[in-house]
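> Let me see the structure of the following:
(2 chains)
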Amino acid sequence: MSAAITIKNLSYKYADENIISIDQYEFEDGKSHVLVGPNGSGKTTLLNIMSLLSRPDRGEIALLGEVVNDDNRLSLRKRIGYVQQRPYLFNMTVFDNIAIGLKLRKINKQLRKARTDNIIEQLNIANLRYKRGHELSGGEMQKVALARTLILEPEILMLDEPFTYLDKRFASELENLLCNIRENRSQTVIFSTHDHLRAHLLGDHVCSLINSRLIDESSVNLFHGKYLPDKSVFDTGKIQINIGEREGDINIIAVEPEEIVLSNQSLDSSMRNRFQGYVTGLASHEDRVDVSINAAETFQVMISKNALEELEIDVGSKVWMSFKSSSVKILN
Amino acid sequence: MDYFSQAFISAFKLILTLDKELYFVVWTSLKISLASVSLTSILCLPLGILFSLNRFPGKKSLQNILNTLMALPTVVVGLLLFGILGRQGPLGELGLLYTQIAMIIGQCLLIFPIVLNLVIAGANTADPRIASTSIVMGANNFQKNIIFIKEVRFAMMAAIVAAFGRAIGEVGVAMMLGGNIEGYTRTMTTAIALETSKGEFEFALALGILLLLVAYIVNVLLERFNRLNV
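Prediction:
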């Protein structure tokens, strides 16, 4: 496995608080990585550092096999594309906004026009061509920002919460686009989102930024609270999850969505955790269904389509969840 | 009313008579103001942007001093340079006093804090994403600064227009450093001062109207230029 991005001993502080503190992490080349975590967890900061927009206080980053230093910073920056969360469009036409990266790379006018026309057609934004940046809606701006990044054919494509301002139609277009990239393995994609289901749908690999650390784990079913050693349970404040005998201070745990078993009746099994809740959402995908369940805390459960048919559940149905104490992952 | 209508009639007559001497006065005013505005802008646009984008010790105090200098009376600038450029002054040997160059130096000094301050204010209020977007798009430092100036061009133009207004309308520097020499350093404002002292109020007012007309034309041209550059 080669790494598109390697991070070593990275730290970034803001107002004396550790925002990022990562000992070692690698983003595999040619894969789609999704960075999840709640708002304010530092996703944008990490993306800014990895896109070489900000400098960390300490640590080392290697992009595409090269350790970043002052000499190669600019040339490496030209090999990556980054769509920021609230993109800024320059006070020029959409066409010129899209072509600006090529212009900065001194690509000749003819080729610039051909490539810009091509991406405009590809993203279906010909109607915006002559509009100026400030005349666009949030979603349209996002499309243009995506176009001006994709046109550069970056080896690593980073997107910060790309779905935030998109309408439903374009959100699904973007999902398709990211899926295409993923299938072709043509680029390494890293994007952040707080939507866990989307993270699972679009990513080969999901990582969470929790307490300034990057953890190779989805933050679906992530619970904050404290461990009560005398009862072997983790108290979230709303429910108590049996996690068996563990050592040390535990503040964050996660339950893998695949590890939870759903049933209509309480199961008589060795699984120590049993909670009753009701279904708040169902999201159907090609091979599976994501079920959201409210049982004081919100859980995400992944089941097969067959299982859904057998259970005969729908939004509002009461359902039992069971999982082993050993399937609980300790994150911190 | 008679006073004003007479002044307007005189102003139009002045424009239409194509009086060579008068046009020379207008030309001198324009030339000196445009020269000082151009020189100051070349210096202040990059300086203001650097000032705004960088943090350094004493920045606040410097900003306060610049704000204070905005109130610099033209006569004080005139007096200051009179002392320096006058025969007894440290640069007296250069023989610059009562020349157009002395007037340009004086006006540059006068409008320097205005242009710098307005450029800083414009750059300060610019969207912080301009810089980050340029970097992300792969701009080097030079390209980044060019993009920045283009993005804040309207604020820059406001600074230039304000400076031009101040330069073409000021009388203290022009009088003290130019000396109101007919056919050489006489500008519209010094001519107005002279006509007023002679009691030719209507003629002086007519010159004033002409000055505003010239300023209006220059502003329209500057605005056109700014739009062309979009």
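> got the domain boundaries for chain A?
A:3-215, A:222-330 (automatic domain parsing).
> From the chain's centroid, how far away is the first one?
Just to be clear, that refers to domain A:3-215. 12 Å (C-alpha atoms, centre = their mean, to the nearest Å).
> can I get the domains of chain A in CSV with mean neighbour count?
In short, each C-beta sits where N, CA and C put it, glycine included. Shown next, in CSV, are the domains of chain A (neighbours: other C-beta atoms under 10 Å in any protein chain shown):
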stretch, mean neighbour count
domain A:3-215, 18
domain A:222-330, 16
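> Skipping its backbone neighbours, what lies nearest residue B:10 in space?
Nearest residue to residue B:10 in three dimensions, chain neighbours excluded: residue B:206, at 3.8 Å (C-beta to C-beta, 6 or more residues apart in numbering or on different chains).
> Lowest mean pLDDT among the helices and strands, pick that one out for chain B.
Lowest by mean pLDDT, DSSP states H and E among the helices and strands of chain B is helix B:2-17, with a mean of 80.
> Quick one, which of the domains of chain A gets closest to residue B:36.
Smallest distance to residue B:36 across the domains of chain A (C-beta to C-beta): 28.9 Å, for domain A:3-215.
> what is the rounded mean pLDDT of that closest one?
Domain A:3-215 carries an average pLDDT of 90.
> Without its sequence neighbours, what residue ends up closest to residue A:186?
residue A:30 (7.8 Å).
> need the contact list for the one you found.
The contact partners of residue A:30, by C-beta atoms under 8 Å, 6 or more residues apart in numbering or on different chains, come to A:4, A:185-188.
> Over to residue A:156?
Contacts of residue A:156 by C-beta under 8 Å, 6+ apart are A:4-5, A:63-64, A:79-81, A:187-190.
> give me the residue from chain B nearest chain A.
The minimum distance from chain B to chain A, using C-beta to the nearest C-beta, falls at residue B:129 (3.5 Å).
> ok, that residue touching residue A:89?
No - proximity of residue B:129 to residue A:89 does not meet the contact threshold set by C-beta atoms under 8 Å, at 9.4 Å.
> hang on, the earlier thing: any chance of CSV for the contacts of residue A:30, columns secondary structure?
Supplementary listing: the contacts of residue A:30 in CSV, determined by DSSP: H, G, I helix; E, B strand; the rest coil:
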residue, secondary structure
A:4, strand
A:185, coil
A:186, coil
A:187, coil
A:188, strand
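> Identify, from these, the entry nearest to residue B:196.
For those, the residue nearest residue B:196 by C-beta to C-beta is residue A:187; the value is 73.9 Å.
> how close does that closest one get to chain B?
Residue A:187 sits 16 Å away from chain B, taking C-beta to the nearest C-beta, to the nearest Å as the criterion.
> quick one, what contacts that residue?
A:30, A:153-157, A:181.
> try it again with 6 Å
A:157, A:181 (C-beta atoms under 6 Å, 6 or more residues apart in numbering or on different chains).
> Tell me where the stretch 201-332 of chain A has strands.
Taking DSSP state E, counting those that start in this stretch to define them, one finds strands in the stretch 201-332 of chain A at A:205-210, A:213-215, A:222-224, A:226-228, A:233-235, A:240-242, A:252-255, A:261-263, A:273-284, A:289-295, A:297-303, A:318-323, A:328-330.
> for the chain, which helix is longest?
All of this is about chain A. helix A:168-184 (DSSP state H).
> my bad, the chain I had in mind was chain B
If you go by DSSP H, chain B has its longest helix at helix B:20-53.
> Report the distance from the next helix or strand after that one to the chain centre.
Counting by DSSP states H and E, the next helix or strand C-terminal to helix B:20-53 is helix B:59-69. Chain-centre distance of helix B:59-69: 20 Å, with C-alpha atoms, centre = their mean.
> ok, and for helix B:59-69, which residues are buried?
Buried residues in helix B:59-69, counted by 16 or more other C-beta atoms under 10 Å in any protein chain shown: B:63, B:66, B:69.
> Name the nearest residue to the first one, ignoring sequence neighbours.
For residue B:63, the nearest residue in space outside its immediate sequence neighbours is residue B:120; the separation is 7.2 Å by C-beta to C-beta, 6+ apart.
> secondary structure element for the one you found?
helix B:100-124.
> For that helix, buried residues please.
Result for helix B:100-124 [16+ other C-beta under 10 Å]: buried residues B:100-123.
> Hmm, residue B:81 and residue B:91 touching each other?
No - with contacts counted by C-beta atoms under 6 Å, residue B:91 stays clear of residue B:81, the gap being 9.0 Å.
> Can you tell me which residue of chain A sits closest to chain B?
Closest point on chain A to chain B, by C-beta to the nearest C-beta, is residue A:88, at 3.5 Å.
> so that residue makes contact with residue B:132?
No - using C-beta under 6 Å, residue A:88 makes no contact with residue B:132, being 7.6 Å away.
> where does residue B:208 fall, helix, sheet strand or coil?
Residue B:208 is classified as helix under three-state DSSP.
> Count residues in the vicinity of it, would you?
19 (other C-beta atoms under 10 Å in any protein chain shown).
> any idea how far residue B:164 is from it?
17 Å (C-beta to C-beta, to the nearest Å).
> So what's the residue count around residue B:32?
Here the count is done by other C-beta under 10 Å, and residue B:32 has 23 residues near it.
> residues touching it, list them.
So residue B:32 contacts B:100, B:103-104 (C-beta under 6 Å, 6+ apart).
> again, only this time at 10 Å
B:100-101, B:103-104, B:106-107, B:167-168, B:173-174, B:178, B:185, B:187 (C-beta atoms under 10 Å, 6 or more residues apart in numbering or on different chains).
> Which of those residues sits closest to residue A:40?
For the contacts of residue B:32, the closest approach to residue A:40 (C-beta to C-beta) belongs to residue B:167, at 50.3 Å.
> pretty sure that closest one contacts residue B:111?
Yes - counting by C-beta atoms under 10 Å, residue B:111 is a contact partner of residue B:167 at 5.5 Å.
> any shared contact partners between these two?
By C-beta under 10 Å, 6+ apart, the residues touching both residue B:167 and residue B:111 are B:33, B:36-37, B:40, B:173.
> Look up phi and psi at the closest residue to residue A:328 other than its chain neighbours.
Closest residue in space to residue A:328, ignoring its immediate chain neighbours: residue A:243 at 4.5 Å, by C-beta to C-beta, 6+ apart. As for residue A:243, its main-chain torsions (degrees, to the nearest 10) stand at phi -120, psi 10.
> where's residue A:243 relative to residue B:11, distance?
Using C-beta to C-beta, one obtains 91 Å as the distance from residue A:243 to residue B:11.
> next one: residue A:106
Distance, residue A:106 to residue B:11, using C-beta to C-beta: 53 Å.
> And for residue B:167?
Noted for residue B:167: a distance of 21 Å to residue B:11, by C-beta to C-beta.
> Show me the helices in the stretch 1-150 of chain A, by range?
In the stretch 1-150 of chain A, helices defined by DSSP state H, counting those that start in this stretch lie at A:43-50, A:73-77, A:94-104, A:109-122, A:138-150, listed in chain order.
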